[in-house]
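J.: only geometry, no sequence info:
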Ligand SMILES: [Mn+2]
Ligand SMILES: [Mn+2]
Ligand SMILES: [Mn+2]
Ligand SMILES: [Mn+2]
């Protein structure tokens, strides 16, 4: 009789007591300390791959992982893993993570939430007495942002085996150096790009589930009053580089009819990007000319060269491709009319990715268990999850952020939303790991 | 009887023998050596005020002045003078000169011709046995180009007393430092900007004539087959800075209707500058958006700020002013329509300057004496002469340059045109100095 009574009590607990305690303010404190490692003064955050501030941030993250009793390992690309060994260490891992690099003058939540929040989710599970079956790991990806080498998601592309050595070797930083050179200087890297990439690639089945916690970077959760976004798909990103080259000349001496001003060609193209995007008539199509560099860049010199980097995304792959084609056609037309030389290059044009039903269900159920409202939604920003989806079932958990702002110093998420997101992540990972909750009395 | 015969011989010589020998190839050799002091590899020349290469160029120029037996002096702004003392040292000086700084990726003739050619013109007069009455000086101006502090003609503005301490102090280089600080570090400067400017200003009457030799930086001499341009006026330059500020955001997450993209505002304004300039219907109006900087300048970030520097010139001051006004009005209209904040600043808006008849006549007569064809013309590029005109009678001598190209690495002037220009400068200075030619026999 006693035995049966105890069993019933345990079952009851296993349904109602599988929960975690997360202090959102504590997570914000940690994010605030991490934000100090920045090339610009806070609230702006600028943290460029393998810069001194990036290296300080990496040490900070590894220390936090060790404080949470995680086993730290790093791969040759600089991806940093913290492992909580489960009772079934040979099972595929439940992996969470995001990035800590930040584009110039960004904010303190993009990416960092998924790293610091991932560590805190594991710590919360530990505090709750949860015992994982499949091991749980948290990961800080190398260089999600394309700032230094013009390539986004370097770490996750490499983990997914989706990065060719030739492609990575074609990318140089502003000092003309290769990724592997710079990696070697800070203690990562290998004797060649190929060796580095080979060593980084995940083994088949190594990751059983990947789930990333991130701020929405869009306005919908806030506008609709939803607590948690469960991502069903990630929009298809494309990036183009277009270079116009004219003959330059003196701004006083060269008369207007004799000019072929590369800067004006660039200005026309930036406006054409906007026009082609708006022409789809869909709010889901976005296009941005985010870099526009002219040279020589002197007030008294006609621009000889304009170099534009253009980002085009859509939740609809073929519609996105039609905008890419229209932009390239405009570039050709402008170059011909303005008599400048033009070259263009597709930096990347990736397909969209779908979340795995198991992770969507686990995340939605975990949110509902906590009494939080859920919106199933598409991510228009892209993430390391886009590439992790190629080697593992993938899912993402979003929390609201103020006005949908991101990539700016006033990027903001409320501590209570952060606590919600970390709690949902923790419970989602627990469901996916298939471990056990403590047997407590009623 | 003997006395009269000798006098007639001397007169004959003084009409037909007042000439000089100039080797154009030797001048090109010297210019080529000077071009080595460059932050970019030749043929590109980049020489920024008070940079290591600028300091090396200054030493090179002072050595050349000393080789020509000139007395070298420097003022607190870093203007470098080489003096050939005349028989009437208290008379106002005949001054020639130009600049040796070069904007990024410029060529090897702009400015340098007037310094190296000025030294060579004096050396040629010395070789010919000419004895100056008024002293003749050659000058290398500090910072004709605006590259470092965003202010053109710093040296000549200061010499003319046309530079307010407040204005110069408002200009910072890219490292946030003041002119006087940097000047002090390389051995110029003073304890304050005001003291530096006060010490630099020329005394009234100190310069009796200023004449500058320069490449045309325009296509007319070459196109019309003229050997020498005699400048009658310098076009009125204006420079504006316009800054647009929006809210930035993530290039994926921020949908198009929510954007206020500062980069697109800038692109529209650059095109508006071109439109307003063409609308005058006059080939003499030119306008250039020579710098266009957007930030944060990341491919996945909506531009938050665009900073444009706009150069507008015309030989007609009021017409130039009407274009400036139209550009500023467009900036306001674009800012309102695109919901970005806008600020604008007139960096300079100088009146045109006229050459002095005495110098125009001396230069034209000297060219005719050498059998060279002459075009009287307006300078559309501006020069230190524009400011020297405020304290002395001014004139300029132009030589053709290939295709009118300037401010680019393939800027080029033929050695024979260089020899013509230096010879005309030498004879012009001799006429203005009022000295004596050697008495040679028939
Ligand atoms: Mn980001
Ligand atoms: Mn991110
Ligand atoms: Mn110049
Ligand atoms: Mn010049």
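T.: It's in. Model, not experiment: these values are computed from the prediction. Ligands and ions are numbered 1, 2, ... in the order given.

J.: Within range of ligand 2, give me the residues from the stretch 51-200 of chain A.
T.: A:110, A:111 (CB under 5 Å from the ion). The way it works is simple: take the backbone N, C-alpha and C, and place the C-beta from them, glycine included.

J.: Which positions in the stretch 51-200 of chain A make contact with chain B?
T.: A:103, A:104, A:105, A:106, A:110, A:145, A:146, A:147, A:150, A:152 (CB under 8 Å from any CB of the partner chain).

J.: which of the residues in the helix or strand harbouring residue A:420 are buried?
T.: Residue A:420 belongs to helix A:415-433 when assigned by DSSP states H and E. Buried residues in helix A:415-433, counted by 16 or more other CB atoms under 10 Å in any protein chain shown: A:417-433.

J.: top of the residues of the stretch 51-200 of chain A next to chain B by neighbour count?
T.: Using other CB atoms under 10 Å in any protein chain shown as the neighbour criterion, residue A:106 leads these with 32 neighbours.

J.: For it, give its distance to residue A:154.
T.: 17 Å (CB to CB, to the nearest Å).

J.: circling back: which ones among the residues of the stretch 51-200 of chain A next to chain B are found in strands?
T.: A:103, A:104, A:105, A:106 (DSSP state E).

J.: If we ignore the residues flanking it in sequence, what's nearest the second one?
T.: Leaving out its chain neighbours, the residue that sits closest to residue A:104 by CB to CB, 6 or more residues apart in numbering or on different chains is residue B:296, at 4.1 Å.

J.: Check the contact between the one you found and residue A:145; I expect there is one.
T.: No: the criterion here is CB atoms under 8 Å, and residue B:296 misses it with residue A:145 at 10.7 Å.

J.: circling back: for the residues of the stretch 51-200 of chain A next to chain B, which one is nearest residue A:224?
T.: Taking CB to CB as the measure, residue A:224 lies nearest residue A:110 of these, at 21.1 Å.

J.: Look up the closest residue to the closest one, ignoring the ones flanking it.
T.: Nearest non-adjacent residue to residue A:110, counting by CB to CB, 6+ apart: residue A:406, 5.3 Å away.

J.: pLDDT at the one you found, what is it?
T.: Looking at residue A:406, its pLDDT reads 92.

J.: what's the residue nearest to residue A:104 in contact with, if anything?
T.: A:103, A:104, A:105, A:106, A:407, B:248, B:303, B:304 (CB atoms under 8 Å, 6 or more residues apart in numbering or on different chains).

J.: Could you export the residues you listed as a markdown table, including distance to ligand 4?
T.: Shown next, in a markdown table, are the contacts of residue B:296 (distance: CB to the ion, whole Å):
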| residue | distance to ligand 4 |
| --- | --- |
| A:103 | 39 |
| A:104 | 35 |
| A:105 | 36 |
| A:106 | 41 |
| A:407 | 41 |
| B:248 | 38 |
| B:303 | 33 |
| B:304 | 35 |
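
J.: Name the SS class of residue A:231, please.
T.: Here residue A:231 is recorded as strand under DSSP: H, G, I helix; E, B strand; the rest coil.

J.: If anything else comes up later, I'll come back, but that's it for now.
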